[in-house]
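Student: Fold the following for me, if possible:
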Amino acid sequence: MIFRTTVLLLLYLFALGALVVVLPPAAMFGAGDGLIGLGKWAMRISRRILGLRLDLRGLEHADPAGPAVYMANHASFLDGPLLFLLIPRPLRVIIKESVFRVPVLGLGMRLAGFVPVDRKGVRTGRAAIERAAGAMKDHGYSFLVFPEGTRSLTGSLREFRRGGFFLALESGAPVVPISIRGTFGLMPKGRIVPGKGEIRVIVHPPVSAGEGGVSALIDRVRRAILAGLD
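Tutor: As a prediction, the model looks like this:
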(Lines give C-alpha, C1' and ligand atoms only; values in the text may rest on other atoms or scores of the structure.)
Protein backbone atom coordinates (compact mmCIF):
# COMPACT_ATOMS: atom_id res chain seq x y z
CA MET A 1 0.00 0.00 0.00
CA ILE A 2 2.78 2.46 0.94
CA PHE A 3 4.71 1.63 -2.25
CA ARG A 4 1.64 2.13 -4.47
CA THR A 5 0.81 5.40 -2.74
CA THR A 6 4.35 6.70 -3.20
CA VAL A 7 4.50 5.77 -6.89
CA LEU A 8 1.06 7.31 -7.47
CA LEU A 9 2.10 10.54 -5.75
CA LEU A 10 5.24 10.75 -7.90
CA LEU A 11 3.13 10.20 -11.02
CA TYR A 12 0.74 13.01 -10.08
CA LEU A 13 3.63 15.37 -9.33
CA PHE A 14 5.09 14.57 -12.75
CA ALA A 15 1.72 15.10 -14.44
CA LEU A 16 1.29 18.42 -12.59
CA GLY A 17 4.73 19.55 -13.76
CA ALA A 18 3.87 18.55 -17.33
CA LEU A 19 0.62 20.50 -17.05
CA VAL A 20 2.52 23.63 -15.98
CA VAL A 21 4.73 23.28 -19.06
CA VAL A 22 1.93 22.75 -21.58
CA LEU A 23 -0.55 25.31 -20.22
CA PRO A 24 0.96 28.40 -21.91
CA PRO A 25 1.01 26.92 -25.45
CA ALA A 26 -2.42 25.36 -24.86
CA ALA A 27 -3.79 28.76 -23.88
CA MET A 28 -2.10 30.42 -26.86
CA PHE A 29 -3.27 27.96 -29.50
CA GLY A 30 -6.54 26.76 -27.92
CA ALA A 31 -5.27 23.19 -27.61
CA GLY A 32 -7.69 21.96 -24.95
CA ASP A 33 -7.74 18.44 -26.36
CA GLY A 34 -4.02 18.15 -25.64
CA LEU A 35 -4.73 18.74 -21.96
CA ILE A 36 -7.40 16.03 -22.09
CA GLY A 37 -4.83 13.67 -23.60
CA LEU A 38 -2.40 14.38 -20.76
CA GLY A 39 -5.12 13.64 -18.21
CA LYS A 40 -6.04 10.35 -19.90
CA TRP A 41 -2.39 9.31 -19.95
CA ALA A 42 -2.12 9.90 -16.19
CA MET A 43 -5.35 7.97 -15.58
CA ARG A 44 -4.17 5.03 -17.70
CA ILE A 45 -0.90 4.73 -15.74
CA SER A 46 -2.72 5.23 -12.43
CA ARG A 47 -5.01 2.29 -13.16
CA ARG A 48 -2.02 0.00 -13.68
CA ILE A 49 -0.30 1.22 -10.51
CA LEU A 50 -3.46 0.69 -8.47
CA GLY A 51 -4.05 -2.82 -9.81
CA LEU A 52 -7.59 -2.16 -10.99
CA ARG A 53 -9.05 -4.87 -13.26
CA LEU A 54 -11.91 -4.02 -15.62
CA ASP A 55 -14.89 -6.07 -16.75
CA LEU A 56 -16.20 -3.79 -19.49
CA ARG A 57 -19.48 -4.61 -21.22
CA GLY A 58 -21.49 -2.79 -23.90
CA LEU A 59 -18.66 -0.56 -25.09
CA GLU A 60 -20.30 -0.53 -28.54
CA HIS A 61 -22.98 1.75 -27.03
CA ALA A 62 -20.40 4.28 -25.78
CA ASP A 63 -19.78 5.94 -29.13
CA PRO A 64 -23.07 7.09 -30.71
CA ALA A 65 -23.03 9.01 -33.97
CA GLY A 66 -22.95 12.43 -32.28
CA PRO A 67 -22.58 14.08 -28.87
CA ALA A 68 -24.23 12.39 -25.89
CA VAL A 69 -24.82 12.90 -22.20
CA TYR A 70 -23.26 9.98 -20.31
CA MET A 71 -24.91 9.28 -16.95
CA ALA A 72 -23.65 6.85 -14.32
CA ASN A 73 -24.19 5.96 -10.70
CA HIS A 74 -21.62 7.55 -8.39
CA ALA A 75 -20.26 5.61 -5.41
CA SER A 76 -16.55 6.42 -5.45
CA PHE A 77 -13.93 8.97 -6.44
CA LEU A 78 -12.76 6.34 -8.95
CA ASP A 79 -15.90 6.67 -11.09
CA GLY A 80 -15.11 9.93 -12.85
CA PRO A 81 -11.48 9.23 -13.86
CA LEU A 82 -12.41 5.69 -14.91
CA LEU A 83 -15.22 6.78 -17.23
CA PHE A 84 -13.17 9.65 -18.57
CA LEU A 85 -10.61 7.08 -19.64
CA LEU A 86 -13.08 4.56 -21.10
CA ILE A 87 -15.51 6.77 -23.03
CA PRO A 88 -14.12 7.25 -26.56
CA ARG A 89 -15.89 10.51 -27.47
CA PRO A 90 -14.52 14.04 -26.78
CA LEU A 91 -15.72 14.36 -23.19
CA ARG A 92 -16.22 17.29 -20.84
CA VAL A 93 -17.72 17.69 -17.36
CA ILE A 94 -19.90 20.19 -15.52
CA ILE A 95 -18.08 20.50 -12.20
CA LYS A 96 -18.49 22.57 -9.04
CA GLU A 97 -17.03 26.05 -9.25
CA SER A 98 -14.71 25.69 -6.24
CA VAL A 99 -12.55 23.15 -8.12
CA PHE A 100 -11.69 25.84 -10.68
CA ARG A 101 -9.98 27.83 -7.92
CA VAL A 102 -7.28 25.14 -7.54
CA PRO A 103 -4.07 26.63 -9.00
CA VAL A 104 -2.93 25.18 -12.36
CA LEU A 105 -5.63 22.48 -12.37
CA GLY A 106 -8.46 25.01 -12.49
CA LEU A 107 -6.92 26.88 -15.41
CA GLY A 108 -6.33 23.62 -17.24
CA MET A 109 -9.99 22.63 -16.85
CA ARG A 110 -11.17 26.00 -18.17
CA LEU A 111 -8.91 25.74 -21.21
CA ALA A 112 -10.11 22.19 -21.83
CA GLY A 113 -13.75 23.34 -21.94
CA PHE A 114 -15.04 22.10 -18.58
CA VAL A 115 -18.06 24.06 -17.32
CA PRO A 116 -18.18 25.47 -13.76
CA VAL A 117 -21.41 25.51 -11.77
CA ASP A 118 -22.41 26.93 -8.41
CA ARG A 119 -24.65 24.22 -6.94
CA LYS A 120 -26.29 26.71 -4.55
CA GLY A 121 -27.73 28.92 -7.26
CA VAL A 122 -30.61 27.99 -9.57
CA ARG A 123 -29.75 30.70 -12.10
CA THR A 124 -26.09 29.72 -12.26
CA GLY A 125 -27.16 26.09 -12.71
CA ARG A 126 -29.30 27.04 -15.70
CA ALA A 127 -26.46 29.13 -17.13
CA ALA A 128 -24.09 26.15 -16.83
CA ILE A 129 -26.58 23.92 -18.67
CA GLU A 130 -26.87 26.49 -21.46
CA ARG A 131 -23.08 26.77 -21.77
CA ALA A 132 -22.69 22.99 -21.88
CA ALA A 133 -25.46 22.63 -24.48
CA GLY A 134 -23.75 25.30 -26.59
CA ALA A 135 -20.44 23.45 -26.36
CA MET A 136 -22.15 20.25 -27.50
CA LYS A 137 -23.65 21.96 -30.52
CA ASP A 138 -20.63 24.11 -31.45
CA HIS A 139 -17.74 21.75 -30.69
CA GLY A 140 -19.29 18.27 -30.68
CA TYR A 141 -18.42 17.68 -27.03
CA SER A 142 -20.17 15.04 -24.96
CA PHE A 143 -20.69 15.51 -21.22
CA LEU A 144 -20.31 13.17 -18.28
CA VAL A 145 -22.95 13.66 -15.57
CA PHE A 146 -23.53 11.91 -12.26
CA PRO A 147 -27.28 12.47 -11.81
CA GLU A 148 -27.11 11.71 -8.07
CA GLY A 149 -25.12 14.92 -7.70
CA THR A 150 -22.62 13.52 -5.22
CA ARG A 151 -21.13 10.20 -4.17
CA SER A 152 -23.33 7.70 -2.36
CA LEU A 153 -22.35 7.02 1.25
CA THR A 154 -23.83 3.52 1.17
CA GLY A 155 -23.24 2.38 -2.40
CA SER A 156 -26.98 2.41 -3.09
CA LEU A 157 -28.41 4.58 -5.86
CA ARG A 158 -29.60 7.99 -4.60
CA GLU A 159 -32.37 10.17 -6.00
CA PHE A 160 -31.54 11.85 -9.33
CA ARG A 161 -31.21 15.57 -9.85
CA ARG A 162 -32.69 17.06 -13.00
CA GLY A 163 -29.83 19.24 -14.30
CA GLY A 164 -28.18 16.66 -16.53
CA PHE A 165 -31.53 15.67 -18.02
CA PHE A 166 -32.28 19.27 -18.91
CA LEU A 167 -28.89 19.30 -20.67
CA ALA A 168 -29.98 16.33 -22.78
CA LEU A 169 -33.29 17.98 -23.64
CA GLU A 170 -31.66 21.35 -24.37
CA SER A 171 -29.02 19.85 -26.66
CA GLY A 172 -31.22 17.13 -28.18
CA ALA A 173 -28.51 14.58 -27.44
CA PRO A 174 -29.27 11.03 -26.26
CA VAL A 175 -28.46 9.86 -22.75
CA VAL A 176 -26.10 6.88 -22.45
CA PRO A 177 -26.74 5.17 -19.07
CA ILE A 178 -23.76 3.47 -17.39
CA SER A 179 -23.72 1.12 -14.40
CA ILE A 180 -20.56 0.87 -12.29
CA ARG A 181 -20.07 -1.94 -9.80
CA GLY A 182 -17.12 -2.50 -7.46
CA THR A 183 -15.76 1.02 -6.96
CA PHE A 184 -17.62 1.56 -3.68
CA GLY A 185 -15.92 -1.42 -2.07
CA LEU A 186 -12.50 -0.40 -3.38
CA MET A 187 -12.70 3.28 -2.53
CA PRO A 188 -15.74 4.53 -0.61
CA LYS A 189 -16.05 8.20 0.29
CA GLY A 190 -13.36 9.14 2.82
CA ARG A 191 -10.76 6.62 1.69
CA ILE A 192 -7.59 8.11 0.16
CA VAL A 193 -6.06 5.17 -1.73
CA PRO A 194 -8.23 2.43 -3.32
CA GLY A 195 -7.70 -1.27 -2.80
CA LYS A 196 -6.94 -3.68 -5.62
CA GLY A 197 -9.83 -5.47 -7.29
CA GLU A 198 -12.23 -5.75 -10.21
CA ILE A 199 -14.62 -3.10 -11.45
CA ARG A 200 -17.52 -3.89 -13.75
CA VAL A 201 -18.70 -1.18 -16.13
CA ILE A 202 -21.85 -1.77 -18.18
CA VAL A 203 -22.67 0.72 -20.94
CA HIS A 204 -26.37 0.56 -21.86
CA PRO A 205 -27.99 1.47 -25.20
CA PRO A 206 -28.61 5.23 -25.66
CA VAL A 207 -31.93 6.63 -24.49
CA SER A 208 -33.56 9.27 -26.69
CA ALA A 209 -34.14 12.58 -24.90
CA GLY A 210 -37.16 13.51 -26.99
CA GLU A 211 -39.80 11.12 -25.67
CA GLY A 212 -42.10 12.06 -22.81
CA GLY A 213 -40.30 14.96 -21.14
CA VAL A 214 -37.88 15.11 -18.23
CA SER A 215 -39.74 12.83 -15.79
CA ALA A 216 -40.03 10.01 -18.31
CA LEU A 217 -36.37 10.43 -19.28
CA ILE A 218 -35.27 10.22 -15.65
CA ASP A 219 -37.32 7.06 -15.16
CA ARG A 220 -35.89 5.31 -18.22
CA VAL A 221 -32.31 6.17 -17.38
CA ARG A 222 -32.68 5.20 -13.73
CA ARG A 223 -34.17 1.81 -14.64
CA ALA A 224 -31.31 1.14 -17.06
CA ILE A 225 -28.65 1.96 -14.46
CA LEU A 226 -30.39 -0.10 -11.78
CA ALA A 227 -30.61 -3.08 -14.13
CA GLY A 228 -26.82 -3.14 -14.31
CA LEU A 229 -26.45 -2.89 -10.53
CA ASP A 230 -28.68 -5.87 -9.64
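Student: where are the low-confidence patches of the chain?
Tutor: Along the chain, segments meeting pLDDT under 70 span 1, 26-27, 29-31, 119-122, 211.
Student: pull the longest helix from it.
Tutor: Longest helix in the chain, counting residues (DSSP state H): helix 2-29.
Student: from the middle of its chain, how far away would it be?
Tutor: From the chain centre to the centre of helix 2-29 is a distance of 20 Å (C-alpha atoms, centre = their mean, to the nearest Å).
Student: What of stretch 216-230?
Tutor: 18 Å.
Student: buried stuff in that stretch?
Tutor: 217-218, 220-222, 224-225, 228 (16 or more other C-beta atoms under 10 Å). From N, CA and C alone the C-beta is placed, and that goes for glycine too.
Student: SS state for residue 116?
Tutor: What DSSP: H, G, I helix; E, B strand; the rest coil gives for residue 116 is strand.
Student: Pairing partners for it in the sheet, please.
Tutor: Beta-bridge partners of residue 116, counted by DSSP bridges, are residue 95.
Student: That one contacts residue 96, correct?
Tutor: Yes - counting by C-beta atoms under 8 Å, residue 116 touches residue 96, with 7.4 Å between them.
Student: more neighbours, the two?
Tutor: The neighbour count for residue 116 versus residue 96, taken as other C-beta atoms under 10 Å, is higher for residue 116 (19 against 13).
Student: Buried ones in stretch 3-19, by neighbour count?
Tutor: Neighbour counts over stretch 3-19 (16+ other C-beta under 10 Å) mark 4, 8, 15, 19 as buried.
Student: Name the nearest of these relative to residue 55.
Tutor: The shortest approach to residue 55 among these belongs to residue 4, at 21.4 Å (C-beta to C-beta).
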